[in-house]
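Q: Sequence and computational prediction follow.
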Amino acid sequence: GAVVSQHPSRVICKSGTSVKIECRSLDFQATTMFWYRQFPKQSLMLMATSNEGSKATYEQGVEKDKFLINHASLTLSTLTVTSAHPEDSSFYICSASTGRETSTDTQYFGPGTRLTVL
Amino acid sequence: AQSVTQLDSHVSVSEGTPVLLRCNYSSSYSPSLFWYVQHPNKGLQLLLKYTSAATLVKGINGFEAEFKKSETSFHLTKPSAHMSDAAEYFCVVSSFSGGYNKLIFGAGTRLAVHP
(Lines give C-alpha, C1' and ligand atoms only; values in the text may rest on other atoms or scores of the structure.)
Protein backbone atom coordinates (compact mmCIF):
# COMPACT_ATOMS: atom_id res chain seq x y z
CA GLY A 1 0.00 0.00 0.00
CA ALA A 2 0.84 3.75 0.03
CA VAL A 3 2.03 4.02 -3.55
CA VAL A 4 2.66 7.37 -5.19
CA SER A 5 3.23 7.69 -8.92
CA GLN A 6 4.60 10.52 -11.02
CA HIS A 7 4.22 11.19 -14.70
CA PRO A 8 6.24 11.65 -16.76
CA SER A 9 9.39 10.08 -15.37
CA ARG A 10 11.52 12.07 -17.75
CA VAL A 11 10.85 15.13 -19.89
CA ILE A 12 12.99 17.23 -22.20
CA CYS A 13 11.65 20.55 -23.38
CA LYS A 14 12.79 23.71 -25.09
CA SER A 15 13.47 26.90 -23.22
CA GLY A 16 10.34 29.03 -22.86
CA THR A 17 7.84 26.18 -22.90
CA SER A 18 5.75 24.97 -19.96
CA VAL A 19 5.85 21.50 -18.52
CA LYS A 20 3.26 19.77 -16.34
CA ILE A 21 4.17 17.00 -13.90
CA GLU A 22 1.48 14.84 -12.29
CA CYS A 23 1.62 13.23 -8.88
CA ARG A 24 -0.96 10.62 -7.93
CA SER A 25 -1.62 8.66 -4.75
CA LEU A 26 -2.75 5.29 -6.08
CA ASP A 27 -4.20 3.53 -3.05
CA PHE A 28 -4.91 6.20 -0.46
CA GLN A 29 -6.36 9.67 -0.18
CA ALA A 30 -3.70 12.30 0.19
CA THR A 31 -4.84 15.23 2.25
CA THR A 32 -1.51 16.91 1.78
CA MET A 33 0.98 16.72 -1.05
CA PHE A 34 4.47 18.12 -1.17
CA TRP A 35 6.78 19.07 -4.02
CA TYR A 36 10.55 18.84 -3.71
CA ARG A 37 13.45 19.67 -5.95
CA GLN A 38 16.72 17.77 -5.96
CA PHE A 39 19.84 18.94 -7.76
CA PRO A 40 22.49 16.38 -8.74
CA LYS A 41 24.27 14.88 -5.75
CA GLN A 42 22.34 17.14 -3.39
CA SER A 43 19.55 16.76 -0.92
CA LEU A 44 15.85 17.39 -1.37
CA MET A 45 14.57 20.91 -0.91
CA LEU A 46 10.89 21.48 -0.19
CA MET A 47 9.31 23.79 -2.74
CA ALA A 48 5.69 23.88 -1.68
CA THR A 49 2.95 22.17 0.28
CA SER A 50 -0.60 21.82 -0.91
CA ASN A 51 -3.90 20.69 0.55
CA GLU A 52 -6.68 19.42 -1.61
CA GLY A 53 -8.91 22.27 -2.72
CA SER A 54 -6.80 25.09 -1.36
CA LYS A 55 -3.88 27.20 -2.51
CA ALA A 56 -0.39 25.88 -2.15
CA THR A 57 2.00 27.24 0.45
CA TYR A 58 5.36 28.02 -1.09
CA GLU A 59 8.71 27.98 0.67
CA GLN A 60 10.76 31.13 0.81
CA GLY A 61 12.56 31.81 -2.44
CA VAL A 62 10.26 29.68 -4.61
CA GLU A 63 8.43 31.69 -7.27
CA LYS A 64 4.74 30.83 -7.14
CA ASP A 65 4.15 32.22 -10.63
CA LYS A 66 6.92 30.06 -11.99
CA PHE A 67 5.92 26.83 -10.30
CA LEU A 68 2.15 26.47 -10.42
CA ILE A 69 0.68 23.83 -8.13
CA ASN A 70 -2.84 22.49 -8.34
CA HIS A 71 -4.20 19.94 -5.86
CA ALA A 72 -7.53 19.30 -7.50
CA SER A 73 -8.47 16.07 -5.77
CA LEU A 74 -7.42 13.84 -2.91
CA THR A 75 -5.39 11.70 -5.29
CA LEU A 76 -3.89 14.17 -7.74
CA SER A 77 -1.55 17.15 -7.58
CA THR A 78 0.15 18.80 -10.53
CA LEU A 79 3.24 20.97 -10.79
CA THR A 80 3.55 23.17 -13.86
CA VAL A 81 6.90 24.73 -14.59
CA THR A 82 6.02 27.80 -16.65
CA SER A 83 8.36 29.32 -19.21
CA ALA A 84 11.05 26.83 -18.33
CA HIS A 85 14.70 27.77 -18.58
CA PRO A 86 17.85 25.64 -18.37
CA GLU A 87 18.33 26.55 -14.71
CA ASP A 88 14.99 24.85 -13.99
CA SER A 89 16.50 21.53 -15.04
CA SER A 90 16.33 19.31 -11.99
CA PHE A 91 14.79 16.23 -10.43
CA TYR A 92 11.30 16.99 -9.12
CA ILE A 93 9.85 14.69 -6.48
CA CYS A 94 6.41 14.69 -4.96
CA SER A 95 5.21 13.11 -1.77
CA ALA A 96 1.84 12.57 -0.19
CA SER A 97 0.53 12.09 3.29
CA THR A 98 -2.84 11.28 4.71
CA GLY A 99 -2.92 14.08 7.23
CA ARG A 100 -1.27 17.17 8.52
CA GLU A 101 -2.16 17.07 12.14
CA THR A 102 0.98 15.68 13.67
CA SER A 103 4.68 15.53 13.09
CA THR A 104 4.54 11.76 12.87
CA ASP A 105 2.62 11.57 9.62
CA THR A 106 4.57 9.56 7.09
CA GLN A 107 5.17 11.01 3.66
CA TYR A 108 5.17 8.58 0.76
CA PHE A 109 7.34 9.59 -2.14
CA GLY A 110 6.92 9.30 -5.88
CA PRO A 111 9.76 8.08 -8.10
CA GLY A 112 10.56 11.57 -9.35
CA THR A 113 10.55 13.38 -12.69
CA ARG A 114 13.76 14.43 -14.36
CA LEU A 115 13.28 17.70 -16.23
CA THR A 116 15.85 18.82 -18.78
CA VAL A 117 15.39 22.22 -20.39
CA LEU A 118 17.41 22.82 -23.52
CA ALA B 1 14.41 25.59 14.01
CA GLN B 2 14.88 21.95 13.19
CA SER B 3 17.88 20.68 11.22
CA VAL B 4 19.87 17.52 10.65
CA THR B 5 23.54 17.01 9.91
CA GLN B 6 24.78 13.85 8.28
CA LEU B 7 28.38 13.55 9.29
CA ASP B 8 29.63 11.53 6.33
CA SER B 9 28.93 12.23 2.69
CA HIS B 10 30.32 8.84 1.64
CA VAL B 11 30.66 5.56 3.50
CA SER B 12 32.25 2.47 2.01
CA VAL B 13 32.00 -1.00 3.57
CA SER B 14 32.65 -4.56 2.56
CA GLU B 15 29.76 -6.96 2.13
CA GLY B 16 29.00 -8.69 5.39
CA THR B 17 30.50 -6.00 7.62
CA PRO B 18 28.53 -3.58 9.83
CA VAL B 19 27.10 -0.32 8.54
CA LEU B 20 27.06 2.92 10.53
CA LEU B 21 25.58 6.09 9.04
CA ARG B 22 25.76 9.03 11.40
CA CYS B 23 23.19 11.75 11.93
CA ASN B 24 22.90 14.56 14.45
CA TYR B 25 19.80 16.66 14.81
CA SER B 26 18.88 20.03 16.19
CA SER B 27 15.36 20.62 17.43
CA SER B 28 13.66 23.01 19.79
CA TYR B 29 11.20 20.30 20.87
CA SER B 30 10.98 16.54 20.90
CA PRO B 31 11.55 15.66 17.28
CA SER B 32 10.20 13.07 14.92
CA LEU B 33 13.10 11.59 12.99
CA PHE B 34 13.21 9.43 9.91
CA TRP B 35 15.68 7.61 7.72
CA TYR B 36 14.88 7.33 4.02
CA VAL B 37 16.80 5.44 1.33
CA GLN B 38 17.00 6.45 -2.32
CA HIS B 39 18.06 3.88 -4.89
CA PRO B 40 18.96 5.10 -8.39
CA ASN B 41 15.88 5.78 -10.49
CA LYS B 42 13.57 4.85 -7.65
CA GLY B 43 11.51 6.83 -5.18
CA LEU B 44 12.55 7.43 -1.62
CA GLN B 45 11.64 4.60 0.68
CA LEU B 46 11.04 4.97 4.40
CA LEU B 47 13.43 2.76 6.38
CA LEU B 48 12.25 3.69 9.87
CA LYS B 49 10.92 6.50 12.00
CA TYR B 50 11.22 7.63 15.60
CA THR B 51 8.18 9.22 17.19
CA SER B 52 9.02 9.43 20.90
CA ALA B 53 8.16 5.85 21.73
CA ALA B 54 11.03 3.32 22.03
CA THR B 55 14.45 4.90 21.56
CA LEU B 56 15.71 1.90 19.56
CA VAL B 57 13.77 1.79 16.33
CA LYS B 58 13.79 -1.22 14.06
CA GLY B 59 13.17 -0.70 10.37
CA ILE B 60 13.01 -2.67 7.18
CA ASN B 61 15.83 -4.73 5.65
CA GLY B 62 17.60 -5.21 8.97
CA PHE B 63 18.27 -1.52 9.63
CA GLU B 64 17.80 0.08 13.02
CA ALA B 65 18.50 3.44 14.59
CA GLU B 66 18.87 4.62 18.17
CA PHE B 67 17.60 7.97 19.37
CA LYS B 68 20.03 9.46 21.89
CA LYS B 69 18.75 12.71 23.30
CA SER B 70 21.89 13.43 25.31
CA GLU B 71 23.98 13.23 22.14
CA THR B 72 21.28 14.63 19.81
CA SER B 73 22.02 11.71 17.52
CA PHE B 74 20.01 9.27 15.45
CA HIS B 75 22.60 7.00 13.84
CA LEU B 76 21.53 4.27 11.42
CA THR B 77 23.09 0.83 11.73
CA LYS B 78 22.93 -2.60 10.18
CA PRO B 79 24.91 -5.61 11.41
CA SER B 80 25.81 -6.99 8.00
CA ALA B 81 25.81 -5.08 4.72
CA HIS B 82 24.43 -6.52 1.51
CA MET B 83 25.31 -5.42 -1.99
CA SER B 84 21.72 -4.31 -2.42
CA ASP B 85 22.17 -1.77 0.39
CA ALA B 86 24.27 0.46 -1.85
CA ALA B 87 22.23 3.67 -2.16
CA GLU B 88 21.82 7.22 -0.88
CA TYR B 89 20.54 7.53 2.68
CA PHE B 90 18.84 10.60 4.10
CA CYS B 91 18.32 11.47 7.74
CA VAL B 92 15.21 13.60 8.09
CA VAL B 93 13.62 15.62 10.87
CA SER B 94 10.00 16.64 10.90
CA SER B 95 9.03 20.24 11.47
CA PHE B 96 5.40 20.97 12.20
CA SER B 97 4.88 24.58 11.22
CA GLY B 98 2.25 26.63 9.48
CA GLY B 99 -0.20 23.80 9.98
CA TYR B 100 1.86 21.34 7.97
CA ASN B 101 4.27 18.57 8.75
CA LYS B 102 7.38 19.50 6.76
CA LEU B 103 10.38 17.24 6.31
CA ILE B 104 13.86 18.70 6.53
CA PHE B 105 16.44 16.53 4.82
CA GLY B 106 20.07 16.07 5.64
CA ALA B 107 22.61 16.30 2.86
CA GLY B 108 22.65 12.54 2.38
CA THR B 109 25.21 9.77 2.77
CA ARG B 110 26.14 7.63 -0.17
CA LEU B 111 26.76 4.05 0.92
CA ALA B 112 28.99 1.89 -1.25
CA VAL B 113 29.19 -1.86 -0.58
CA HIS B 114 32.16 -3.79 -1.96
CA PRO B 115 32.34 -7.55 -2.52
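A: Cool, got the structure.
Q: And the residue nearest the centre of chain B?
A: By Cα atoms, centre = their mean, the mean C-alpha position of chain B lies nearest to residue B:35, the distance being 3.2 Å.
Q: what lines up beside the one helix or strand that one maps to in the sheet?
A: Counting by DSSP states H and E, the element that carries residue B:35 is strand B:33-38. Within its sheet, and counting by DSSP bridges, strand B:33-38 is paired with strand B:44-50 (antiparallel), strand B:87-97 (antiparallel).
Q: how far is it from where the chain is centred?
A: Relative to its parent chain, strand B:33-38 has a centroid offset of 5 Å by Cα atoms, centre = their mean, to the nearest Å.
Q: so what does whichever strand or helix holds residue A:77 touch, helix or strand wise?
A: Secondary structure assigned from DSSP H and E places residue A:77 in strand A:76-81. Counting contacts by 3 or more Cβ pairs under 8 Å, 6 or more residues apart in numbering or on different chains; DSSP states H and E, the secondary-structure elements packed against strand A:76-81 are strand A:19-25, strand A:32-38, strand A:67-73, strand A:90-97. Using the backbone N, CA and C atoms, a C-beta is placed for each residue, glycine as well.
Q: hmm, try it at 6 Å
A: The helices and strands touching strand A:76-81, judged by 3 or more Cβ pairs under 6 Å, 6 or more residues apart in numbering or on different chains; DSSP states H and E, are strand A:19-25, strand A:67-73.
Q: anything in the first one sitting right up against chain B?
A: No - no part of strand A:19-25 sits near chain B under the criterion Cβ under 6 Å from any Cβ of the partner chain; the closest distance found is 10.9 Å.
Q: Name the residues of that strand that are buried.
A: Buried positions in strand A:19-25, judged by neighbour count with 16 or more other Cβ atoms under 10 Å in any protein chain shown: A:19, A:21-25.
Q: Is the spatially most central residue of chain A bridged to anything, and to what?
A: Among the residues of chain A, the one closest to the centroid is residue A:35, at 3.2 Å (Cα atoms, centre = their mean). The partner list for residue A:35 in beta bridges (DSSP bridges) reads residue A:48, residue A:94.
Q: Tell me which residues touch it, please.
A: A:47-48, A:79, A:94 (Cβ atoms under 6 Å, 6 or more residues apart in numbering or on different chains).
Q: Looking at these, which one is closest to chain B?
A: Closest approach between the contacts of residue A:35 and chain B, by Cβ to the nearest Cβ: residue A:94, at 9.4 Å.
Q: Can you verify my assumption that that closest one contacts residue A:22?
A: No - contact status for residue A:94 versus residue A:22: not in contact, 8.7 Å apart, counting by Cβ atoms under 6 Å.
Q: The lowest-mean-pLDDT helix or strand in chain B close to chain A?
A: Within chain B, judged by mean pLDDT, DSSP states H and E, the helix or strand with the poorest mean is strand B:100-105; its value is a mean of 83. Yes - legend: contact between strand B:100-105 and chain A by Cβ under 6 Å from any Cβ is shown at B:100-102, B:105.
Q: Spit out the contact partners of residue A:2.
A: With contacts defined as Cβ under 6 Å, 6+ apart, the neighbours of residue A:2 are A:28, A:108.
Q: So it, which state does it fall into?
A: At residue A:2 the chain is in coil, as set by DSSP: H, G, I helix; E, B strand; the rest coil.
Q: That one and residue B:83: what is the separation?
A: With distances defined as Cβ to Cβ, to the nearest Å, the gap from residue A:2 to residue B:83 amounts to 27 Å.
Q: Quick check: closest non-adjacent residue to residue B:71.
A: Closest residue to residue B:71 in three dimensions, ignoring its sequence neighbours and counting by Cβ to Cβ, 6 or more residues apart in numbering or on different chains: residue B:24, at 7.7 Å.
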